[in-house]
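Visitor: Sequence below, structure please.
(4 chains)
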Number of protein chains: 2
Amino acid sequence: MADLARAVGVSKSTVSRAFSRPDMLNPETVDRIAEVAARIGYRPNRAARALSTGRHGNIGMVVPDIANPFFPPLIRAGQVEADRSDFCVFLGNSDEDPEQEDRLVSHFLSQVSGLLLIASRLDEDRIRAYADLCPLVLVNRDVAGIPRILIDSGPAVAEAVRHLHSLGHERIIYVSGPPKSWSEQERRAAAKAEAERLGMSLTVVPVTKPAYETGLELAPPVLDSGATAAVAFDDITAHGLMTGLSHRGVAIPKDFSLVGCDDVLGARTNPPMTTVTTSSEEAGRCAIAMLLALIAGAVPQGTLRTISTRLVLRGTTGPAPQR
Amino acid sequence: MADLARAVGVSKSTVSRAFSRPDMLNPETVDRIAEVAARIGYRPNRAARALSTGRHGNIGMVVPDIANPFFPPLIRAGQVEADRSDFCVFLGNSDEDPEQEDRLVSHFLSQVSGLLLIASRLDEDRIRAYADLCPLVLVNRDVAGIPRILIDSGPAVAEAVRHLHSLGHERIIYVSGPPKSWSEQERRAAAKAEAERLGMSLTVVPVTKPAYETGLELAPPVLDSGATAAVAFDDITAHGLMTGLSHRGVAIPKDFSLVGCDDVLGARTNPPMTTVTTSSEEAGRCAIAMLLALIAGAVPQGTLRTISTRLVLRGTTGPAPQR
DNA sequence: CTGTTAGCGCGTTCAC
DNA sequence: GTGAACGCGCTAACAG
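Guide: Just a heads-up that it's a prediction; the model follows:
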């Protein structure tokens, strides 16, 4: 910066202003500085700027599992939205582990202007503590007083249960997801409540990590249960279950009906999966927009934004088989 | 930091050392400092540390498309490997656009110790210029003199062509990928060379963006071509093509054979896809390891690491249909 | 083993 | 409209 200033024949302050507040300078001065800067390859140092202003221009984002297909579109949309405001984004993978998440957040803390925790597995206390230290937005985690975006899949899951009921299913299964997941809690509660209301029997099959293989292995117990339909925490697990059932000669939807969640597979399975769809892109975009607003001091604490979902009827649900 | 020092009754330097070079201090001093630090909530400021040392402890990573399922496992493995050395990772999505990639890199530049460009779409000159400014590792991009990791899919693609030849196919199609992609160039060249060597006819179908929908729309032209088999740039496009063909009553592999690349679908399609498999996790891990070594000054410029691939025979390839 | 001093590159008061 | 001086939080010599 000093070199640039000398080369142009101005002071360092003028160079600084040319990049951060060009409106304060004579346009000609700005042009001259920009020109010489390009020639000698000067670029403002974001780290130094951050130290001086306290504004880092970075945001930190943590997800439970980057490789889970639900997250990449969300991450992508968030990154793009952040970039529109010249923010860089740190990405961390917590691997569903609160301690790992804590580790990541603490590493981000001193170099970001804001934190975006997606499906956070952290304690409420911990989240509150971080929110005290740094603007923080939650996605799919409901902590009162903290700005958050919730993809509200409960109603659509309830609708899925009603749908199965109307098809004559009486005994159904809920294939659960990660126990610490807010979405999981919502979905399970919605499924349970609706099944109970309709007088259906609902069995919860616990699952630690949602995965195709998990679903595959679930086929025998699901068959043994005597249920005629299942609602799964996510499409990936549902897909595995679907394949596992097929391998055992169970035709879908003739012999067994299946509903997934998240719609990450579209109509790519055979038959195409009935599922709960939503826009994770929108969630990512909104979350970053809210975080940027929060950083700018323009968001009331405790703001809650809900993103709707709906049941998409495709080919994996059909009338309950006759006994 | 000054507060902490005062509270403990030592100087700032001692506090500094307690966190960065604890071995230089009396263990008791370190303990005392750690204890008080925890109590008053002091955490070293990474941004300030970076300004002083020039070591940022961050690395910047750019991919063409986060949502393309080939990348998330790679990103994840890279992030995890970086974390093992306490490095944070910036992630950027170039959207296949060289200018966007340039933009991201220039934003990362002043706050990272290293850059990892995955399937970079940047000019060779630009890459060289950045490599001059900052330790830089390439994945799936071959620039002489720049450390790089190449997933060498050419041989396996050639093998796929041989496989189709041995099944009696004489006219095949290569469904291409992003024109600027190194992998695409390798695969296309390998397919062309091997087809020519075996006296097969090979038609290249150009595609701008690999996607399921792209593949779907390719079904009519592929059928019209009179070819009996296709090798596709990636599994996603192949999957779309497979579905598109099925919708038109073409049985796979009876009427048409199909080979994908990347093995991102595993055996989840029906029939399971014959494809070129590799470990993108390994690529991500190695790339970060190489980058960290480069940052530490322990890698000769121009290091080249190759990751092997192999053809996995599953259910989408079979004997050429009789005329 | 620990304290002192001088910057790292920049933004931001103030003067002018 | 522009320049000079200070400080952001920390590390790196250099003393002691």
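Visitor: quick one, helices of chain A?
Guide: A:2-8, A:12-20, A:27-40, A:46-53, A:71-84, A:98-109, A:124-133, A:154-166, A:182-197, A:212-224, A:235-247, A:280-295 (DSSP state H).
Visitor: Any chance of JSON lines for these, columns distance to DNA strand C and mean pLDDT?
Guide: Bear in mind the C-beta positions are built from the backbone N, C-alpha and C, glycine included. Listed next are the helices of chain A as JSON lines, based on distance: least, CB to the nearest atom of the strand, whole Å; pLDDT from 0 to 100:
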{"stretch": "helix A:2-8", "distance to DNA strand C": "7", "mean pLDDT": "87"}
{"stretch": "helix A:12-20", "distance to DNA strand C": "3", "mean pLDDT": "90"}
{"stretch": "helix A:27-40", "distance to DNA strand C": "10", "mean pLDDT": "89"}
{"stretch": "helix A:46-53", "distance to DNA strand C": "3", "mean pLDDT": "91"}
{"stretch": "helix A:71-84", "distance to DNA strand C": "19", "mean pLDDT": "98"}
{"stretch": "helix A:98-109", "distance to DNA strand C": "19", "mean pLDDT": "96"}
{"stretch": "helix A:124-133", "distance to DNA strand C": "21", "mean pLDDT": "96"}
{"stretch": "helix A:154-166", "distance to DNA strand C": "44", "mean pLDDT": "98"}
{"stretch": "helix A:182-197", "distance to DNA strand C": "38", "mean pLDDT": "98"}
{"stretch": "helix A:212-224", "distance to DNA strand C": "48", "mean pLDDT": "95"}
{"stretch": "helix A:235-247", "distance to DNA strand C": "45", "mean pLDDT": "97"}
{"stretch": "helix A:280-295", "distance to DNA strand C": "14", "mean pLDDT": "96"}
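Visitor: Out of the ones you listed, which is closest to B:Ala82?
Guide: For the helices of chain A, distance to B:Ala82 was read as CB to CB. The smallest value, 10.4 Å, belongs to helix A:98-109.
Visitor: need the contact list for A:Ser153.
Guide: The neighbourhood of A:Ser153, defined by CB atoms under 8 Å, 6 or more residues apart in numbering or on different chains, consists of A:183, A:186-187, A:190, A:261, A:276, A:278, A:309.
Visitor: Between all of these, which two are separated the most?
Guide: Using CB to CB, those span at most 14.2 Å, a distance reached by A:Ala190 and A:Thr278.
Visitor: burial count for whichever residue of the stretch 201-323 of chain A sits closest to chain B?
Guide: For the stretch 201-323 of chain A, the nearest residue to chain B under the criterion CB to the nearest CB is A:Asn270, separated by 5.3 Å. A count of neighbours around A:Asn270, defined by other CB atoms under 10 Å in any protein chain shown, yields 15.
Visitor: how about the residues of the stretch 51-200 of chain A that lie near DNA strand D?
Guide: By the criterion of CB under 7 Å from any atom of the strand, the positions of the stretch 51-200 of chain A lying close to DNA strand D are A:51-52.
Visitor: May I have the beta-bridge partners of the nearest residue to A:Pro221 once chain neighbours are set aside?
Guide: On the basis of CB to CB, 6 or more residues apart in numbering or on different chains, the spatially nearest residue to A:Pro221 that is not a chain neighbour turns out to be A:Val205, at 6.6 Å. As for beta bridges, A:Val205 partners with A:Val175 under DSSP bridges.
Visitor: From what I see, A:Val205 and A:Val175 are in contact.
Guide: Yes: distance between A:Val205 and A:Val175: 5.0 Å, which falls inside the contact criterion (CB atoms under 8 Å).
Visitor: which neighbours do the two share?
Guide: A:218, A:222.
Visitor: list the contacts for the residue nearest to A:Pro221?
Guide: Contact criterion CB under 8 Å, 6+ apart gives A:173-176, A:218, A:221-222, A:225 as the residues in contact with A:Val205.
Visitor: same check, this time on A:Ala48
Guide: B:51, B:110.
Visitor: again, only this time at 7 Å
Guide: For A:Ala48, the contact set (CB atoms under 7 Å, 6 or more residues apart in numbering or on different chains) comprises B:Leu51.
Visitor: Equivalent analysis for the one 10 residues further on, please.
Guide: A:Asn58 makes contact with A:87-88, A:90, A:111-113, according to CB under 7 Å, 6+ apart.
Visitor: want to throw those into JSON lines with pLDDT and neighbour count?
Guide: Conversion of those to JSON lines gives the following (pLDDT from 0 to 100; neighbours: other CB atoms under 10 Å in any protein chain shown):
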{"residue": "A:Phe87", "pLDDT": "97", "neighbour count": "22"}
{"residue": "A:Cys88", "pLDDT": "97", "neighbour count": "25"}
{"residue": "A:Phe90", "pLDDT": "98", "neighbour count": "24"}
{"residue": "A:Gln111", "pLDDT": "95", "neighbour count": "26"}
{"residue": "A:Val112", "pLDDT": "97", "neighbour count": "28"}
{"residue": "A:Ser113", "pLDDT": "96", "neighbour count": "21"}
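Visitor: Which members of these are the farthest-apart pair?
Guide: Looking at these by CB to CB, the two members farthest from one another are A:Phe87 and A:Gln111, with 12.1 Å of separation.
Visitor: per-domain residue ranges of chain A.
Guide: Following automatic domain parsing, one finds the domains of chain A at A:53-150+A:279-308, A:152-278.
Visitor: ok, what's across the strand from A:Arg171?
Guide: Under DSSP bridges, the residues paired with A:Arg171 across the bridge are A:Ser201.
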